[in-house]
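Colleague: kindly return the folded structure for what I paste below:
(2 chains, ligands or ions: 4)
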Amino acid sequence: MFEALTDKFNAIFKKLRSKGKLSEEDVDAILKELRMVLLESDVHYRVAKDLTSRVRERAVGKEVMESVTPGEMVIKILWEEIRQILGGEARELNLSGSFPASVMMVGLQGSGKTTTCGKLGVYLKERGFFPLLVSTDTRRPAAKEQLRILAQTAKLEFFDDPQASTPQEMIKKARDYAREKSLDVILVDTAGRLHVEEELLEELKELIEEEEFSERFLVLDATTGQEAVKVAQSFESWVHPTGLILTKVDTDARGGAVLSIVAQTGWPVKLVGVGEKLNQIEVFHPDRMASRIMGLGDTLTFIEKVDRAISEEEKKKLEKKIEKKELDFNDFLEELQRVKNVGSFQEILDMFPGQIRGMMSQVDGEKNLKRVEAIINSMTREERENPSLIGASRKRRIAQGSGTTVQEVNKLLKQFEDFRKLWKQMKKGRPLPSSKGRGFFGLGR
Amino acid sequence: MEKETTWQRWVKGMGKMKEEVKEHFSQLWSKKETGEKDWEELEELLIQADMGPALSLEIVEEFREFKKSRGGDDWQEWLYQKLFSLLEGNDPSLFASAKEGELKAIILSGVNGVGKTTAAGKLAYLFRNKGEKVSLIAADTFRAAAMEQLEVWAQRAKCRYFRGTEGADPGAVVFDGISSARHQGDTLVIIDTAGRSHVNKNLLAELEKVVRVTKKLILPSNLESILVIDALAGQNAFLQAQSLFPVADLSGIILTKWDSQAKGGIVFRIGKEFHLPVKYLGVGEGIEDLVPFDAEEFVKTIVY
Ligand SMILES: Nc1nc2c(ncn2[C@@H]2O[C@H](COP(=O)(O)OP(=O)(O)OP(=O)(O)O)[C@@H](O)[C@H]2O)c(=O)[nH]1
Ligand SMILES: Nc1nc2c(ncn2[C@@H]2O[C@H](COP(=O)(O)OP(=O)(O)OP(=O)(O)O)[C@@H](O)[C@H]2O)c(=O)[nH]1
Ligand SMILES: [Mg+2]
Ligand SMILES: [Mg+2]
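Modeller: Ligands and ions are numbered 1, 2, ... in the order given. Coordinates of the predicted model:
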């Protein structure tokens, strides 16, 4: 799958001749293919459209690199956008509120609610909770029996009362039972229902109006198609889910439906089901999911490769300069300005070879970086190439021009000189002296 | 009366799709100046029906060409032909060439939770009403309460029910089930298999064995191997068909949860690539909620 896709991409990339900057045409050519990939992954067409236009904005005009094809760059940007939508780090379950806490599973028929109830029971038990499983599904044949067997297999508490005539009644009784037995989380299974079955959704609505649930999970099958968006809309208006649990992630479904839903609702994906067995539940990894939706497989290999290629190239550029002549302020300023567009100070640091990075990291964040930049900006081209030209009057001019002090200019010059020496030493293969406490470029420390 | 409800369920299952398709095509057809955007909207409509991006684009481009060349003056006729060609030769009947007096078998397979067990119950009811002596065989020995679930369906359909022990080898259960059915003078066995991810090699091998055992006991003409697909599934359903096709020697499809209004455009894609006929649509959770799929009626409903 992944192979086929990369082959396909490579064929397009060969046709691209982007030199210098990524042109509109090239970006559009790539995005056309990527849109197909997204749709093939069941991403909703509107979400796919939004995504590609956002990527377009970010990609057009970007500088082309030697070791990374324009296509790879665009893929990387798309990946970042998708990951962004899917959310940051894994989020904890919310079990606050009433005691015992109640968690409910809702969703379409066959999406995996009952199985997930069992899995969540195991998951919570492993984390020191005492869960109680209860089923309100009186419609599907043997639904209660299914949950009872799952509970038994996993040695979890299961509650049933054949006398209970409504879901409300069942849950109330389960609560009493939980209190009595000192169980702290009730996991409520509900009957599957379609997003167009209004009477059944009304039933859920009444249930959540009467009973407090700290989590209401929409359990979503990863193989769901374009209809997923309507499913989410409908459940949102009847049940207001607090999050998603994505099931059947062990299939090769690319799971675009989850992206469509999260893009629309902002619900966090809390857990994913990766098999039929009760221990096959995992926390959600947005970056893996992003790769998967793009048909890059579950691994980050591709994205990491591009990342590595980019930073290798940056390093090589820097090293080349240093080889041909001595490192000067021009090089340094150029680097600063270029990488500033890329991202944060940390990212800038990461682009320098290891040992230098250690020293540079003593710069006190972005504030000092700005002052350094201002000082270099106030130098003439000649001064930057040959810092030894900078005498007392020039120092005063530079300080004034940059809104800093002569002391700060002195400090920068002195430390830049140190830096050059270290650089040379390093090129000769000698270890660097400890830079502890010296603070390279450490203005105003 | 029966025809009426069938029809209504069908139409309802298609949601607004049919109005939208008609509207888009007829508007585009009569529009003098069409821009990229118009065509894109049409493409999106088809994609929304889960036809898949490639097939959607194909239809749009061919329609565009047709409009340009004015290859005819009837867009409805054109669309009918195009869609119908994707389902060409779709014969919804089961056992069209079965040998009379010999035991018949239906194997139901598919990924998890699509509706195999429910379909087994509905089929048992349907065929019992046609006068067959039906036996339901529970070859899902894995999932919790799968056998109990099928047993309830057997009671509802008033047919015989055969189960093995929990965790037993499904192939062995099928062997015993068919032997028992033959012994009892049944005319049709319906085999419910466990849901399986189509990428799980062990489970595919298990299914292969079930099919192999069945083939040893049942004439090829008397065997239907049916893939059950969820109408809500997206493009992955296509991959499911692709991987189960060689393993289960499929002869047809049942598309379930048609009442979800999910359009099920995937049937066109599967029809196009595999020529697998759609046999029935599942239109609800009740025992009568199974409708024979009539490709002609289906396409007509979309187009006219
Ligand atoms: N491969 C795989 N199968 C799963 C996963 N989660 C659930 N299943 C299977 O999916 C099928 C349906 O699961 P259930 O838990 O019965 O689904 P449900 O939502 O309770 O179904 P209804 O109550 O009928 O609406 C079963 O065969 C499960 O074993 C998963 O993460 N991976
Ligand atoms: N609305 C609707 N629900 C259906 C239809 N067919 C099945 N279902 C429901 O889908 C859920 C799963 O059905 P099952 O028959 O258990 O599915 P399965 O394929 O046997 O599941 P596993 O054996 O766990 O893989 C149940 O809640 C059924 O009631 C249908 O046509 N329409
Ligand atoms: Mg259930
Ligand atoms: Mg089943």
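Colleague: pass me the low-pLDDT residue ranges in the stretch 51-200 of chain B, would you?
Modeller: Counting by pLDDT under 70, the ranges of the stretch 51-200 of chain B that qualify are B:71-72.
Colleague: now the helices for it?
Modeller: Listed in chain order, the helices found in the stretch 51-200 of chain B under DSSP state H, counting those that start in this stretch are B:53-69, B:75-86, B:116-129, B:146-157, B:170-184.
Colleague: for ligand 3, which of those is the nearest?
Modeller: helix B:146-157 (10.2 Å; Cβ to the ion). The C-beta positions use only the backbone N, C-alpha and C, and glycine is treated the same way.
Colleague: can you dump the C-alpha atoms of that closest one in PDB for me?
Modeller: In PDB, the C-alpha atoms belonging to helix B:146-157 read as follows (Å, rounded to 0.1, in the frame of the first residue of the first chain):
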ATOM      1  CA  ALA B 146     -22.200 -15.100  19.200                       C
ATOM      2  CA  MET B 147     -23.800 -18.600  19.400                       C
ATOM      3  CA  GLU B 148     -26.500 -17.400  21.700                       C
ATOM      4  CA  GLN B 149     -27.300 -14.600  19.400                       C
ATOM      5  CA  LEU B 150     -27.700 -16.900  16.400                       C
ATOM      6  CA  GLU B 151     -29.800 -19.200  18.600                       C
ATOM      7  CA  VAL B 152     -32.300 -16.400  19.200                       C
ATOM      8  CA  TRP B 153     -32.500 -15.800  15.500                       C
ATOM      9  CA  ALA B 154     -33.100 -19.500  14.900                       C
ATOM     10  CA  GLN B 155     -36.000 -19.400  17.400                       C
ATOM     11  CA  ARG B 156     -37.400 -16.300  15.600                       C
ATOM     12  CA  ALA B 157     -37.100 -17.900  12.200                       C
END
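Colleague: what does the stretch 101-250 of chain A put close to ligand 4?
Modeller: Within the stretch 101-250 of chain A, not a single residue sits near ligand 4 (Cβ under 5 Å from the ion).
Colleague: what residues does the stretch 101-250 of chain A have near ligand 2?
Modeller: A:109, A:110, A:140, A:192, A:194 (Cβ under 6 Å from any ligand atom).
Colleague: what's near enough to touch the third one?
Modeller: In this case it means residue A:140. The contact partners of residue A:140, by Cβ atoms under 8 Å, 6 or more residues apart in numbering or on different chains, come to A:109, A:191, A:192, B:149, B:285.
Colleague: local confidence estimate at it?
Modeller: Note for residue A:140: predicted pLDDT of 95.
Colleague: surely it is in a helix?
Modeller: No: using DSSP: H, G, I helix; E, B strand; the rest coil, the assignment for residue A:140 is coil, not a helix.
Colleague: and residue A:188, helix, strand or coil?
Modeller: Put simply, residue A:188 is strand when judged by three-state DSSP.
Colleague: hang on, isn't it packed against residue A:132?
Modeller: No: look at residue A:188 against residue A:132 with Cβ atoms under 8 Å: they stay out of range, at 9.4 Å.
Colleague: now do the shared contacts for these two.
Modeller: Common neighbours of residue A:188 and residue A:132 (Cβ under 8 Å, 6+ apart) are residue A:174.
Colleague: hmm, back to that, same list, the residues of the stretch 101-250 of chain A next to ligand 2, but as TSV with secondary structure please.
Modeller: As requested, these are exported to TSV (three-state DSSP):
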residue	secondary structure
A:109	coil
A:110	coil
A:140	coil
A:192	coil
A:194	coil
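Colleague: now narrow these to whatever sits close to ligand 1.
Modeller: Answer for those near ligand 1 (Cβ under 6 Å from any ligand atom): A:109, A:110, A:140, A:192.
Colleague: closest to ligand 1 out of those residues?
Modeller: Of all these, residue A:192 has the smallest distance to ligand 1: 2.2 Å, by Cβ to the nearest ligand atom.
Colleague: tell me the confidence at the closest one?
Modeller: If you check residue A:192, the pLDDT there is 97.
Colleague: residues contacting the closest residue to it other than its chain neighbours?
Modeller: Spatially, and ignoring its direct neighbours in sequence, residue A:192 is nearest to residue A:109 (3.4 Å; Cβ to Cβ, 6 or more residues apart in numbering or on different chains). Counting by Cβ under 8 Å, 6+ apart, residue A:109 touches A:140, A:192, A:193, A:194, B:113, B:115, B:257, B:285.
Colleague: repeat that for 10 Å
Modeller: By Cβ atoms under 10 Å, 6 or more residues apart in numbering or on different chains, residue A:109 lies in contact with A:139-140, A:191-194, A:197, A:221, B:113-115, B:118, B:230, B:232, B:256-257, B:259-260, B:285.
Colleague: residue closest to the middle of the chain?
Modeller: Defaulting to chain A. The centroid of chain A falls nearest to residue A:83 when counting by Cα atoms, centre = their mean (4.0 Å).
Colleague: nope, chain B please
Modeller: In chain B, the residue lying closest to the centroid (Cα atoms, centre = their mean) is residue B:254, at 2.1 Å.
Colleague: mind checking pLDDT for it?
Modeller: Taking residue B:254 on its own, its pLDDT is 96.
Colleague: which SS state does it fall under?
Modeller: What three-state DSSP gives for residue B:254 is strand.
Colleague: how much space between it and residue A:55?
Modeller: Using Cβ to Cβ, to the nearest Å, we find residue B:254 at a distance of 40 Å from residue A:55.
Colleague: ok, residue A:42 next?
Modeller: From residue A:42 across to residue A:55, the span is 19 Å (Cβ to Cβ).
Colleague: so which of the two has more stuff around it?
Modeller: Legend: neighbour count by other Cβ atoms under 10 Å in any protein chain shown for residue A:42 and residue A:55, higher for residue A:42 (31 against 24).
Colleague: tally up the residues packed near residue B:62, please.
Modeller: Per other Cβ under 10 Å, the neighbour tally for residue B:62 reads 14.
Colleague: repeat for residue A:179
Modeller: Other residues close to residue A:179 by other Cβ under 10 Å number 12.
Colleague: which residue comes closest to it once chain neighbours are left out?
Modeller: If the residues on either side of it in the chain are set aside, residue A:179 comes closest to residue A:100, at 6.8 Å by Cβ to Cβ, 6+ apart.
Colleague: wait, the one you found sits on residue A:174?
Modeller: Yes: between residue A:100 and residue A:174 there is a contact under Cβ atoms under 10 Å: 8.9 Å.
Colleague: out of the helices of the stretch 51-200 of chain B, deepest packed?
Modeller: Of the helices of the stretch 51-200 of chain B, the one with the most neighbours on average (mean count of other Cβ atoms under 10 Å in any protein chain shown) is helix B:116-129, at a mean of 24.
Colleague: what about that one, distance to the chain center?
Modeller: 14 Å (Cα atoms, centre = their mean, to the nearest Å).
Colleague: tell me what angle that helix forms with helix B:146-157.
Modeller: If you take axes from the mean of the first three to the mean of the last three Cα atoms, to 10 degrees, helix B:116-129 sits at 30 degrees to helix B:146-157.
Colleague: so helix B:116-129, near ligand 1 or not?
Modeller: No: counting by Cβ under 6 Å from any ligand atom, ligand 1 has no neighbours in helix B:116-129; the shortest distance is 8.5 Å.
Colleague: give me the angle between that helix and strand B:252-256.
Modeller: Here helix B:116-129 points in a direction 110 degrees away from that of strand B:252-256 (the same axes, to 10 degrees).
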